[in-house]
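J.: structure, please.
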Amino acid sequence: MALENLALRHQLEVLTRNSKRPRLTNRDRALWVIISRLWSDWRSPLAIVQPETAIRWHKRGFRLYWRWKSRPRWPGRKQVPREIRDLIRSMSRSNPLWGAPRIHGELLKLGVTVSQATVSKYMIRHQKPPSQTWRTFLSNHAKDIVSIDFFTVPIATFRVLFVFLVMSNDRRRIVHFNVTQSPTATWTGQQIANAFP
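T.: I've put the predicted structure just below:
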């Protein structure tokens, strides 16, 4: 009842304050946002503003609050001095096998305190020779690569046989195969030894 009375009084005050068209201040909007949060039936006494408008004010206030809350509180990190950046680059250029942890350790010995991430950021990136593609790798090593697999074969007596197969990848020829009803690790090891005497 007190909130309804407050809402009606506020509307009368706004209407008497302005003669032609009621103008609402930020304080008026904040009051209606608070009333809408505290009172479930706040729409019934509302006459000068549409309920959707009050909800829009609340959403806008919420956005403004979080924008204020997440504002940057300081201008940012201090930039690493140019001499230190040049030192990191010259150390990484002179010692291409050193990584960021090693250069960071050497800088600490010199009394330069920067983080390892900073060292990694300013290091020179050395060009690595291109590695071979999978197609090149397989064509170069196909004669030395074999494929090994087990597969099952159900037979007419409803038993399952396990087939062990070793196949050479260069000519796709079968190097070795054998069949068993119950494969064990010992049996499989013996088959590999038989395939590559």
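
J.: not counting sequence-adjacent ones, nearest residue to residue 116?
T.: Spatial nearest neighbour of residue 116, excluding adjacent residues (C-beta to C-beta, 6 or more residues apart in numbering): residue 104 at 4.4 Å. Backbone N, C-alpha and C define where each C-beta goes, glycine included.

J.: tell me how many other residues crowd the one you found.
T.: 21 (other C-beta atoms under 10 Å).

J.: so who does residue 154 touch?
T.: Residue 154 is in contact with 160-161, counting by C-beta atoms under 8 Å, 6 or more residues apart in numbering.

J.: partners of it in the sheet?
T.: Beta-bridge partners for residue 154, by DSSP bridges, are residue 160.

J.: can you give me the strands in the chain?
T.: Ranges of strands within the chain are 146-154, 160-168, 173-180, based on DSSP state E.

J.: can you name every helix or strand that the last one contacts?
T.: Applying 3 or more C-beta pairs under 8 Å, 6 or more residues apart in numbering; DSSP states H and E, one finds that strand 173-180 contacts strand 160-168, helix 185-195.

J.: highest average neighbour count across the ones you listed?
T.: Of all the helices and strands packed on strand 173-180, strand 160-168 carries the top mean neighbour count, a mean of 16, counting by mean count of other C-beta atoms under 10 Å.

J.: nearest residue to the residue most central in space within the chain in space, please, no chain neighbours.
T.: Most central in the chain under C-alpha atoms, centre = their mean is residue 117, positioned 18.6 Å from the mean C-alpha point. Nearest residue to residue 117, sequence neighbours excluded (C-beta to C-beta, 6+ apart): residue 100, at 7.9 Å.

J.: okay, the one you found: pLDDT?
T.: Looking at residue 100, its pLDDT stands at 93.

J.: next one: the one 4 residues further on
T.: On the pLDDT scale, residue 104 is placed at 94.

J.: residues in contact with it?
T.: Counting by C-beta under 8 Å, 6+ apart, residue 104 makes contact with 114-116, 119.

J.: what lies in contact with stretch 177-196?
T.: Contacts of stretch 177-196 (C-beta under 8 Å, 6+ apart): 146, 148, 150, 153, 159-166, 175-176.

J.: closest to residue 56 among those?
T.: Nearest to residue 56 among the contacts of stretch 177-196: residue 150, at 67.9 Å, using C-beta to C-beta.

J.: go ahead and confirm the closest one touches residue 160.
T.: No: at 11.4 Å, residue 150 and residue 160 do not qualify as touching, with contact defined as C-beta atoms under 8 Å.

J.: ok so, going back, with mean pLDDT and distance to residue 68 added, can I get the helices and strands packed on strand 173-180 in TSV?
T.: Below are the helices and strands packed on strand 173-180 laid out as TSV (pLDDT from 0 to 100; distance: least, C-beta to C-beta, whole Å):
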stretch	mean pLDDT	distance to residue 68
strand 160-168	94	69
helix 185-195	93	67
